[in-house]
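**Student:** here's a sequence, model it:
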Amino acid sequence: MSNYPLRRWQRAEASLAGASTGTAGAGGRVLSNQVQFSLVSRGPLAEMLPWAQRTGHLVMAYSPLAQGLLSGRYGPDRRPSGGVRAANAMFLPENLTAAAPLLDTLRDVAAAHDASPAQIALAWLVHLPNVVASRGGSSVAQVESNAAAADIRLADDEHRSLTAAAEAFRPLTGVSALPGLVRGRRA
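**Tutor:** A predicted model of the protein is given here:
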């Protein structure tokens, strides 16, 4: 499945089991759900991931680098110039400034592992049981670098410091981000 909230995932699984056996709620399996999940989109941590861990399901994380925000490439003075990122509130100057402590933590942990911030952001995800990160790449080198993130073993204190830095990041979103997005379109 893709983008199902937990309750809908559970209902779909129950419906599938009932359809295949002729009985309602027989306990069929919908093994995985692909949802947006990263250091800056941590919604699945609250209920979905604990349920998946208890029941043997998988959470597939898409956009694990938050469209490149967690790569460390962007900052208030290095904003994306076009495409989807330019219209994404996460890349407003205010949000890029607010993301600096998180990006600094990513860089610090990356330096300790001789890795990139992107690899550490991916390692944070795959450190979590029952999580698979869905990450492609625009070149063979990027795909290889992303795959190498699975070999990085974060210490528990590193994982906690990344989580704490992510929780402290409070980006402008929704209606509060609209003025900045409108300003960006005029520029």
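
**Student:** my guess is L122 contacts A149, does it?
**Tutor:** Yes. Shown here, L122 and A149 form a contact pair, counting by CB atoms under 8 Å, at 3.7 Å. In short, each C-beta sits where N, CA and C put it, glycine included.

**Student:** find residues that contact each of these two.
**Tutor:** Residues within reach of L122 and of A149 at once, by CB atoms under 8 Å, 6 or more residues apart in numbering, are A133.

**Student:** where does the residue nearest the centre of the chain sit: helix, strand or coil?
**Tutor:** Nearest to the mean C-alpha position of the chain, by CA atoms, centre = their mean, lies S38 at 1.7 Å. At S38 the chain is in coil, as set by DSSP: H, G, I helix; E, B strand; the rest coil.

**Student:** repeat for Q34
**Tutor:** Taking three-state DSSP as the rule, one finds Q34 in the strand state.

**Student:** on that earlier part again, more crowded one of L122 and A149?
**Tutor:** Ranked by neighbour count (other CB atoms under 10 Å), L122 and A149 place L122 first, with 27 against 22.

**Student:** which residues touch that one?
**Tutor:** 64-65, 133, 135, 146, 149-150.

**Student:** among the residues you listed, which ones are in helices?
**Tutor:** N146 (DSSP state H).

**Student:** and the furthest pair within the contacts of L122?
**Tutor:** Using CB to CB, those span at most 14.5 Å, a distance reached by L65 and A150.

**Student:** so between those two, which is more surrounded?
**Tutor:** Between L65 and A150, counting by other CB under 10 Å, L65 is the more crowded of the two (23 against 14).

**Student:** surely the more buried one and A118 touch.
**Tutor:** Yes. Counting by CB under 8 Å, A118 is a contact partner of L65 at 5.5 Å.

**Student:** what touches both of these two?
**Tutor:** Common contacts of L65 and A118 (CB under 8 Å, 6+ apart): S71.

**Student:** for the residue nearest to the centre of the chain, list the residues it contacts.
**Tutor:** Contacts of S38 by CB under 8 Å, 6+ apart are 61, 63-66, 70, 121, 125.
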